[in-house]
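K.L.:
Okay, sequence plus prediction incoming.
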Amino acid sequence: MKTIYNKFLKLTSGLAMLALAMGCLVSCEDELEIDPKSSYSSETFYKTVTHADLGVKGIYDVFTTKYTYGQLLSMNYPMDDDITYMRGTGFSNDNRKIAHYGSSPVTGFIERTWIELYKGVNYANLSIKKIQEMDLFTNGTDEEKAALNKYLGEAKFLRAFIYFDLVRLWGDVPLLTEPTESSSDFFVAKSNKSDVYDVIIQDLRDAKQLLPETFPETNDRANIGAVRGYLVRALLYRGGYALDQAGVMSRPDDYKTYYKEAAVEAKELMDLGMFGLLDSYEQVFRNLTSFIQDPTESLFEIATYNVANDQEDSGLIGTWNSPKTHADSPYGRANAYVNIRPDFKAEFAMEDVRRDVSVAEFEIDKNGNQKALKAGKPHFPGKWRRDLIEEPAQNPNYTNVNWCTLRYADVLLMFAEAVNEVRDELPAGISLQDGFDAINAVRTRAGLADLDNSLNYDDFFAAIKKERKLEMVAEGWRKYDLIRWNELGTQLRATQTVLEANYPKTTEGNNSVGYVAGVYFTDNKHELLPIPQRETDENVKLLQNPGY
Amino acid sequence: MTKLNFMKKILLLTAGLLFGIGAFAQSLKVSGKVSEESGELLPGVNVIIKGTTTGVTTDFDGNYMLEIENPNNAVLQFSFIGFEPVEIPVQGKAKIDVVLKSSVLQLEEVVAVGYGTMKKRDLTGSVASVSSDEISKVPTANVATAIAGKVSGVQITSSEGSPDAGISIRVRGGGSITQDNSPLYVIDGFPSEDGINYLDPTDIETIDILKDASSAAIYGARGANGVVLITTKGGKVGKPRINFDAYFGIKEVTETLDVMKPYDFVKLQYENIEGDGDLESFENTYGTWDELGDLYKERKGIDWQDEMFGGNATIQNYKLSVTGGSKETKYSFSFSRNENEGIMVNSGFERNNGRLKIDQKVNDFIDASVIASYQEQKTYGMGTSDQTATFNKLTHIARYRPTIGKYGNDSDLIYLDEDPALVDDSGNVLQNPLVSSEAEHRETEKKQTTLNGSLKFNLTNDLYAKFDGGLRNVVQRRERFDGERSVAGKRNGGPFGSIQYDEFRDWNYALTLNYSKNIGNHDLNVLLGHEQVATDRKRVLTEVSGFPNDDIGLKDLGLGVPNNAESFEEETKLISFFGRVNYTFNNKYLFSATMRADGSSKFGPENKYGYFPSGSFGWRVSEEGFMQGIEQISNLKLRASYGVSGNNRIPNYGYMSILSGVTYGFDNTTQSGIVPENLANEKLKWESTHSANFGVDLGLFNQRVRVTGDFYLSRTKDLLLKTTIPATTGFTTTLKNIGETENKGMEFSVSTVNIKSKDFEWSTNFNISFNKNKIVKLADNQKFRLEESGWFGNKFTEKDYIVEVGRPIGKMYGYVWDGLYGVDDFNYDAGSQTYALKDGTAYDPNDVAQPGWMKYKDISGPNGVPDGKIDSNDRKVIGDANPIHFGGITNTFRYKNWDMSVFVNWSYGNDIYNANKMYYTRGFEKNKNVLALLKNRWSTLDAGGQRITDPAALAEMNKNAKYPVYNGNRTIRFHSGIVEDGSFLRINNITLGYNVPKSLLKRIKLDKVRIYGTANNIYTWTSYSGFDPEVSTRNATGLTPGVDWGAYPRSRTFIFGVNISM
């Protein structure tokens, strides 16, 4: 009996094991196909309109890091110019190295900015390609098609926006317009900056067609005002001076073509009638510190709202570029790294309403009271004052204050500049007086009298330059204006000379207000940033910028 | 010796089966005791009446009793594995006690070879073994440290000295250069990639390491980096035995960094003054130059290393086990607790371990076995090396100010959360490390449950089938909380923290059929098998900020504002079929072949399956007729093998493009977007290691001297590497099959029994390994690629390692330090008192060098010839992290009841990248301490504190200066002055034990009591200037070994312990 039982057991167990093994042979193949559970894969994404929306929204993610508009692109790379400069004369950290023209290819912050911006380029390239490949893009309902066209336009705007930053910071850069795949060539050489601008301009022209021509619901996503405004700006830069790879500041021979197009585009934008100046100059900035998003004048903003106020997705606006505010004050800390030369305020006319909004001549003590600065100490930007930010300070460093990259006032001034440049060959429908009207609109709001409309080219240009300087203090464009006018080195050295003459020298030979940009700036080098060492190490085709 | 114990059990069992038959009538009952020379009683000894099959085995206490029909003529044979057999004529005696002499013959050792075992003499591959004796001799909480230095060809390094330091195990240099080069661990048949961390070393019976590809090929896709087979202890036949082990120890730090004392520190601060404002604040803080001598010369100041590492930490370990068994059932149960304080304040490690193993014979043809284990461990404390650059905690400890200045007492610094001199500097994150260690709560708790079972069906005498199944569940809870007083809490406007909860579930099953047949001179063994392994990972992470205070903290996340919540799940699967054939002819010629096919979910449709064959041959020369006359040679075997094994340790989904969520603050709300996370590589394929091994095993003088030598050459193709790519692609890294590496090497181990007498024994184990690694090919026809260790976060981004065809991995790449710029290198303009570099002197175009600055060699320009500029073209190989050889020697002594072992290990010829030295010599950072070596810097101040510019005076004052002026290294470059020789010779361990004599123990009913003392890490000879030369803190990619950045200092431990069994 026992042996039979044993034999039975042996047989069944042997068979059972065989069956298990055979069972797998049949079905194993499928079991090895395991799809990701917690993320989309390339096969499952870009199927619906919502996917396209999510994909395009993802592109914005690169804007709010510390290395982009959270700090460096908004406040750091634009310094030092002839108005603002970084506190502290040394090179003890990357912030100072960058501002004081002491950066080198291994300056880490620069590498991070490069990485973030190219991430954005790839995100945008992917959206642009995938949206057009979607079935709904060609076969969807009208509503679906309209939505997808809008998102496509938005992605194109963002790609242009990012390339514009790349080209103004680094000049000639690798130009990629397709999303990267494993089969792509990873080693791309630089493209000429004019070619990069041409892609930017084309993308913006496409976006202009694709986006609906309606007053935007919000100014932190691409809208018709932002697209058209950036088109004007890109055309102006396309025609302006920039450092080329031979180490020469040059502009294209046909630069006037671009000014002409800029004038036309600006005029079209102005003629839409949707956008305009707010009545109060100060209100433009109080909107920012009160988290009001009014697209009327503020055409495009980087949105830094973040529930936790931590570094990711947030910004240092209002703590870096604000009067020094004591850490224990009711408003939280502002460490005031952006300084304004103390003799600048005097450039405003007494009646100019922009003066006290733009320049703060005080600190804020721990009781929250304004405390006058000692004579001869540097001033601070007043537009994003910590004490006017309408929320309790959650964090000593990070705030939810958006960064406005394009204002209607800027468009008016760009228009005036473009008109003046082509005053001898004005495009149809545009007169020189239109240019004067534009700048006068800005002046009127500031409380100033109209310009004399008989000014010649040079005088009008000088007036425009001055107006831009006063209108947009510390808004991040002064240095780049000076570069495209080929005046950066000259202005920095002039500033150095004036400050050294008027402010006592320290034992180290610096002026007491700590301005050093005129000493360290090298012409035909520092107009551009160095290409990060990481990139030239990785890609032998990528050559370093002149002088580095 | 544990091998012997293991064999004892097996023999006891089989002998019992074979001979445990009844007795015969009309005869003499003979009884007695069998013991070994030490007096230890031997259970399981075979006692056979010569010429018959009649016999018994001794019981647990070494007793036997046998009825003998023919008591006058009979001869008793006593035999037991590991002992020389004895024959004793009965001659009518009723009591015969026997003492067996141990034979040194070890050929009968059995080693695990993957899905089975083999006799060591039949091995054709390269397998190294470590027994429980060797492991348990050195009390340590970690298995890997217990076997470090004991096995040739296996290099074990702990990354730093903290209780939870990562431990890297490299078998033969690691063929792969992917991020994970560690071997596969198979614990009681259950494969895992990290399981070794959870084991209590004293639970281990044997460790067998499959080193060559032919041995490892049976594990196919996961064998390329070697396989570590671990068998845990089980029960033994005999009366229940209770063991209690306990030890207690203290630790002290072995080395500290030499940092500046207050007087040197304030002088450096004075020199660092740049401008009137600075002078004013210096004088307010530290006093005027003339006051400095009086104020600081006698001041001891605070050495933060003393504060943080100065105390004595304790270790305690307790273990209780019960083992026993009958022929049918064997069991073992153990519980242990380990408490291990870190030498840094507020840090440590705790572990509880429970384990149950039961072997049950169900009936004649079914054997069952079950192992259940549970471990929980907790690690706490902020650690030193987990963050880069300014947030790194060792930075805080080394660089926090030694003196508070003119006003107040230096010890005030200990009570202040933040340095008053730095509080206004927003870039500063330096914090009182004592406060950080209290305010930064870091705790990881892991709980692991493992259940393994096997059923063995003895289908016929030659054939059995086995089913092995296992389930492992690990839950891990990681808490981080930065309290009110922490620097991060302050910067973020209040306490914040996170809880991360992970669940890992692994299961596997393996079916094997095993057929063994012996026909005359032919021995055949065939194994066929099928295995499936699946893993399942789940994670939840919640980050909360804005806690009102520290009181409740993470115990109620609801008190704060949630700012991030993440969850994540993934699964993997591996399905395999394998087979092995072993054939032995005439006991002399050994052949073995294996084949495995693996299918993995990690690869795309084109490359789902990988195939891994191997073959090997062995020749037992000593069995040949022509060797028989040579008495001295007791064993000689030659081995040759070739095999292919694979590696699939890469992240999941690498072959497809993954898109995941990000957020952006549109319209003052948080909204989601989707972005691509990785660059898909649909062509990802298996990495495979092809390796040839030649070995020789030689035994002399009846195995008193045993030598094993192995020579190997292996090539790893299609390396799977997370490689960096130009960021213009939108990605910084991608996973790629990138080329080919080669490892070749030799390893030798020699064991000798030097002296063996009744009272005194001395034996020696020696092993040495040489490995040469070489990159044969890189992808995209690249000649080289640069890698970064990344220790300095984003502030120092120049790549510092080179991976180059024809050279090994681990080459450090940087500038050649060429001393300092002297005044002769400059033209001096006396009018403006300024120095300008002379034409023709190499300079950094992004800096304005001054006398006393760091100078580097101008090696090359963009065109390959020196161009007078110091830039990235001037880098070259300046160090190599690979040792030329490494190894260990263990000497074991026994004198009567005393035993002693001395273990020494070394590494020779490797370089260390002393990143600490690079960062802690930045004299230009105000109010932060630096290494004391900067005392010998170029100075610009004379004795009166006056700035000197005159060339002659400056040159005279600095003629012996070795290090740059305070701001002369502000452009950070990795240079040859940072690379140091990491060779070392370490007296790693000395243990002295005493066995209390049995005569004493009998009275208190104990079997065995051993009292011992152990000292670990006793002394190290090295020229390395950091904490310890055994360090590698930035090697996550496997390409940047040998960096010392913020490593936790190593400690010396003194342990006292006792083993009791009853």
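P.N.:
Okay, I see it.

K.L.:
Up against chain A, what does the stretch 901-1050 of chain B have?
P.N.:
Remark: the part of the stretch 901-1050 of chain B in contact with chain A comprises B:Phe924, B:Glu925, B:Arg970, B:Thr971, B:Ile972, using C-beta under 8 Å from any C-beta of the partner chain. Bear in mind the C-beta positions are built from the backbone N, C-alpha and C, glycine included.

K.L.:
Now do the first one: how many residues are near it, please.
P.N.:
By the measure other C-beta atoms under 10 Å in any protein chain shown, the count of residues near B:Phe924 is 20.

K.L.:
Stretch A:278-298 near chain B anywhere?
P.N.:
Yes: Stretch A:278-298 is in contact with chain B by C-beta under 8 Å from any C-beta, via A:Phe291, A:Gln293.

K.L.:
what is the mean pLDDT for that stretch?
P.N.:
Taken as a whole, stretch A:278-298 has a mean pLDDT of 94.

K.L.:
who's in contact with it?
P.N.:
A:215-216, A:218-220, A:223, A:225, A:275-277, A:301, A:305, A:317-318, A:353-354, A:357, A:383-385, A:388-391, A:400-402, A:404, A:406-409, A:445-446, B:667-668 (C-beta atoms under 8 Å, 6 or more residues apart in numbering or on different chains).

K.L.:
list the buried ones in that stretch?
P.N.:
If you call a residue buried by 16 or more other C-beta atoms under 10 Å in any protein chain shown, then stretch A:278-298 has these buried ones: A:278, A:281-282, A:284-289, A:291, A:293, A:295-298.

K.L.:
For B:Glu543, state which of these is nearest.
P.N.:
For the buried residues of stretch A:278-298, the minimum distance to B:Glu543 (C-beta to C-beta) is 23.4 Å, reached by A:Phe291.

K.L.:
would you say the closest one is within a helix?
P.N.:
No: applying DSSP: H, G, I helix; E, B strand; the rest coil, one finds A:Phe291 to be coil, outside a helix.

K.L.:
can you tell me how far it sits from A:Leu299?
P.N.:
Summarising the geometry, the distance separating A:Phe291 from A:Leu299, computed by C-beta to C-beta, to the nearest Å, is 17 Å.

K.L.:
What of B:Phe603?
P.N.:
Computed with C-beta to C-beta, the distance linking B:Phe603 and A:Leu299 is 49 Å.

K.L.:
likewise A:Ser454?
P.N.:
32 Å.

K.L.:
quick one, which of those two is more surrounded?
P.N.:
For A:Ser454 and A:Leu299, the more surrounded residue by other C-beta under 10 Å is A:Leu299, and the numbers stand at 25 against 9.

K.L.:
Can you point out the buried residues in the helix or strand containing B:Thr444?
P.N.:
For B:Thr444, the enclosing helix or strand under DSSP states H and E is strand B:440-458. Neighbour-count burial for strand B:440-458, with 16+ other C-beta under 10 Å as criterion, is recorded at B:440-442, B:444, B:446-448, B:450-458.

K.L.:
Could you show which parts of the stretch 101-250 of chain A are in contact with chain B?
P.N.:
Taking C-beta under 8 Å from any C-beta as the criterion, the stretch 101-250 of chain A approaches chain B at residues A:102-109, A:111-112, A:114-115, A:118-119, A:121-123, A:125-126, A:173-174, A:176, A:179-182, A:184, A:186-188, A:218, A:220-221.

K.L.:
and those, which of them are in helices?
P.N.:
Within these, membership in helices is found for A:108-109, A:111-112, A:114-115, A:118-119, A:121-123, A:125-126, as judged by DSSP state H.

K.L.:
thought B:Leu954 was touching B:Ile948?
P.N.:
Yes: counting by C-beta atoms under 8 Å, B:Leu954 does reach B:Ile948; the two are 5.2 Å apart.
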